[in-house]
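1. no sequence on this one, just coordinates:
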């Protein structure tokens, strides 16, 4: 993965962005803009609304007979703010109207004025010969709108206009005004703002029979942002389903928190887009209160997701503590915001808490990025890159909101703050999918390693068990061989000695039975020694086997007419061989030597031993050879040798050598 940007450059960029964001936010809340900004009045902009479109130039007294869809009254509307809790209609004419145009308030109303009432004063004229009616919209968003008409006939008299709304679901922000033929009227509009930083003063009038189109024009977007927002919401919906399915399969709680974040953010942006500038009770509640709650809950879920997904408690304890306190502080500020909103009369307190929440979230994101980069972990890097994208594009979104900056001069999504915020979330989502894929791959690798380790551990235990069993068998073999040597060996030796003593005393009168006793006891002693040699575990080596065969062969042919020559390597490598293999190999060789003595009629027998990857023993005589077609007299012996060698996975081969002898070969893989 490529190296991430240098810390110093990245920190400089981030800190500059923070200072710029805080300065712009402070400016937007306390200063009056110098021009007519057109960006949406929210912490997440969501509209392509452009005040320069569908506007007509108006005279100081707007002519309602010439009114179109949305005629702007900002230039000839006087404005004043009053903090009087009980403003009576009779006081309206006496108010001072220091503000001669509402143009500076089209973007948003400064927070200190949200607690006050706004009073608009404007004049309308009807130049036609018939009565005309228009619908008046003072801007967005107002808890109450009350219109009064001034009549000046010697003394000022105010008439409260009836509350007539359009026949439309989106109607709370409109009031009907009618003028008789050739009539002129001065009107006062007393406005109470909803408790939101998104309020604006943008008075306009719409011809009565055009009101449906005028309402649509006021709150519907003029670009493709609706399509983009819908597409974005669809992507988030897929992630919600994906997260829930992952939770069902894995039971990992992080896949509940990420869908929670997706639900909150997608709902927030979708509602911001679809409810833009609508004057409905739900949108008033959403813009004034609910949007910040959804925003906080979404990012609290997001922080918890990071802790669970990255396993910060185990892998990064200091980062885990930081994220925990970040989520705790945001939760505390959200609770204070709820209390201040409902129980504190000054909206500035609730707005301050909302801003502090955003500052804490921004600081948390930046510190998380800085700390995450320091760990140099690939999974962490994916998450950090997603946060860098989201944080950077969120700052760009805030800059557009505060400065009304336009990237292109025409109406375009590129001028909309919500587009960049959605782009940031989409890129963050992409990096999350990279991180998830990487984590799944690593978990599969770890799972395979764990299974292999468990398998090796099981094999090790099984091997230890087999070694223990083998050791027990060896101990038992050693015990039996020792008992045979001590008990049976001494007894057979005693019988043999006594038979020899009897033979010596009887001299020429030796009974045949005594000879047999002596002979059988001698054979029994030899067989018993072979069994004891086979069972003794200390003899389990190729070197010992070869030495034993050599000793036996020399002794076997010692008192016969056959000369025995034994050839073996000067140095035999140490190779272990089991007692069973030693026994069968020796007995096979013994059988072959016995056949040479009985049937070969040879004068010389040569035994050659080679030891490499195999133990090979060749027994070659110079006798009459063997008739391969008439093996009856060798039948049992040859069959026994074949069976013995087959039982130890060895090989056996017998052949004539130019009809002048026989070669018997035994092979055993080591």
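-> Cool, got the structure. From a predicted model like this one, the values you see are computed outputs, not experimental measurements.
2. next SSE after the helix ranked longest in the chain?
-> Longest among the helix segments of the chain by residue count, using DSSP state H, is helix 417-483. Heading C-terminal from helix 417-483, the first helix or strand you meet, by DSSP states H and E, is helix 490-506.
3. hmm, who's touching that next one?
-> 510, 514, 515, 517, 518, 521, 522, 524, 525, 528 (C-beta atoms under 8 Å, 6 or more residues apart in numbering). The C-beta positions use only the backbone N, C-alpha and C, and glycine is treated the same way.
4. circling back to that earlier point, can you spell out which helices and strands pack onto the longest helix of the chain?
-> In terms of contacts (3 or more C-beta pairs under 8 Å, 6 or more residues apart in numbering; DSSP states H and E), helix 417-483 is packed against helix 225-250, helix 254-274, helix 378-403, helix 512-535.
5. who are the packing partners of the third one?
-> Going back to what we said before, that points to helix 378-403. helix 7-30, helix 347-375, helix 417-483.
6. got the angle for the second one vs helix 378-403?
-> It stands for helix 347-375. Here the directions of helix 347-375 and helix 378-403 differ by 150 degrees (axes from the mean of the first three to the mean of the last three C-alpha atoms, to 10 degrees).
7. pLDDT of helix 347-375, averaged?
-> Averaging pLDDT along helix 347-375 yields 91.
8. and the helices in the stretch 501-650 of the chain?
-> Along the stretch 501-650 of the chain, counting by DSSP state H, counting those that start in this stretch, helices occupy 512-535, 542-556, 579-599, 635-647.
9. need the ones you listed in a markdown table with mean pLDDT and distance to residue 236, can you?
-> Shown next, in a markdown table, are the helices of the stretch 501-650 of the chain (pLDDT from 0 to 100; distance: least, C-beta to C-beta, whole Å):
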| stretch | mean pLDDT | distance to residue 236 |
| --- | --- | --- |
| helix 512-535 | 76 | 78 |
| helix 542-556 | 90 | 74 |
| helix 579-599 | 89 | 71 |
| helix 635-647 | 85 | 72 |
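10. between these, which one is nearest to residue 661?
-> helix 579-599 (9.8 Å; C-beta to C-beta).
11. and the contacts of that closest one?
-> Against helix 579-599 from outside (C-beta under 8 Å, 6+ apart): 477, 530, 534-535, 537, 539-540, 544-545, 548-549, 552-553, 556-557, 560, 562, 602, 605, 615, 617, 619, 621, 623, 626, 633-634, 637, 640-641, 644-645, 647-648, 650, 652, 662, 664, 666, 668.
12. same question for stretch 342-361.
-> Contacts for stretch 342-361 (C-beta under 8 Å, 6+ apart): 22, 25, 29, 43, 111-112, 114-115, 195, 197, 292, 295-296, 299, 326, 329-330, 333-334, 336-337, 340-341.
13. what about that stretch, distance to the chain center?
-> 35 Å (C-alpha atoms, centre = their mean, to the nearest Å).
14. how about it: buried residues?
-> Within stretch 342-361, the residues that count as buried by 16 or more other C-beta atoms under 10 Å are 347-355, 357-358, 360-361.
15. what of stretch 205-213?
-> In stretch 205-213, counting by 16+ other C-beta under 10 Å, buried: 205, 206, 207, 208, 210, 211.
16. please apply the same query to stretch 268-287.
-> Here stretch 268-287 shows 268-280, 283-284, 286-287 as buried, counting by 16+ other C-beta under 10 Å.
17. and stretch 242-253, by the same measure?
-> Those would be 242, 243, 246, 247, for stretch 242-253 by 16+ other C-beta under 10 Å.
18. which of the helices and strands in the chain ranks last by mean pLDDT?
-> Lowest by mean pLDDT, DSSP states H and E among the helices and strands of the chain is helix 7-30, with a mean of 38.
19. the contacts of stretch 342-361, buried ones only, as a ChimeraX selection?
-> Only the buried entries of those go into this ChimeraX selection, using 16+ other C-beta under 10 Å:
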select :25,29,43,111,114,195,197,292,295,296,299,326,329,330,333,334,336,337,340,341
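20. and residue 135, that one's in a helix?
-> No: counting by DSSP: H, G, I helix; E, B strand; the rest coil, residue 135 is located in no helix; its state is strand.
21. so what's it closest to, chain neighbours aside?
-> Closest residue in space to residue 135, ignoring its immediate chain neighbours: residue 174 at 4.5 Å, by C-beta to C-beta, 6 or more residues apart in numbering.
22. next up, the contacts around that neighbour.
-> Contacts of residue 174 (C-beta under 8 Å, 6+ apart): 135, 136, 137, 165, 166, 206, 211, 215, 279.
23. just name the closest of those to residue 461, please.
-> Using C-beta to C-beta, the contacts of residue 174 come closest to residue 461 at residue 279, 75.8 Å.
24. from residue 116, how far out is the closest one?
-> Distance, residue 279 to residue 116, by C-beta to C-beta, to the nearest Å: 20 Å.
25. residues in contact with stretch 280-299?
-> With C-beta under 8 Å, 6+ apart, stretch 280-299 has contacts from 42-44, 141, 143, 169-170, 172, 194-196, 198, 260-261, 263-265, 267-268, 271-272, 275, 330-331, 333-334, 337-338, 341, 354, 357, 361.
26. let's see 7 Å
-> 141, 169-170, 172, 194-196, 198, 261, 264-265, 267-268, 271, 275, 330, 334, 337, 341, 354, 357, 361 (C-beta atoms under 7 Å, 6 or more residues apart in numbering).
27. before we move on, what about stretch 132-147?
-> 64-65, 67, 120, 126, 161, 166, 173-179, 187, 189-194, 196, 198-208, 211, 218, 277, 279, 284, 287.
28. for it, the distance to its chain's centre please.
-> Per C-alpha atoms, centre = their mean, the centroid offset for stretch 132-147 relative to its chain is 52 Å.
29. before we move on, what about stretch 229-238?
-> For stretch 229-238, the distance to the chain centre is 21 Å (C-alpha atoms, centre = their mean).
30. buried residues in it?
-> Neighbour count says stretch 229-238 has 229, 232, 233, 235, 236 buried, by 16+ other C-beta under 10 Å.
31. before we move on, what about stretch 319-327?
-> 319, 320, 322, 323, 326, 327.
32. mind putting the residues you listed in JSON lines, pLDDT included?
-> As requested, these are arranged in JSON lines below (pLDDT from 0 to 100):
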{"residue": "319", "pLDDT": "92"}
{"residue": "320", "pLDDT": "93"}
{"residue": "322", "pLDDT": "93"}
{"residue": "323", "pLDDT": "93"}
{"residue": "326", "pLDDT": "93"}
{"residue": "327", "pLDDT": "94"}
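33. so which of those residues sit within helices?
-> Those of these lying in helices (DSSP H): 319, 320, 322, 323, 326, 327.
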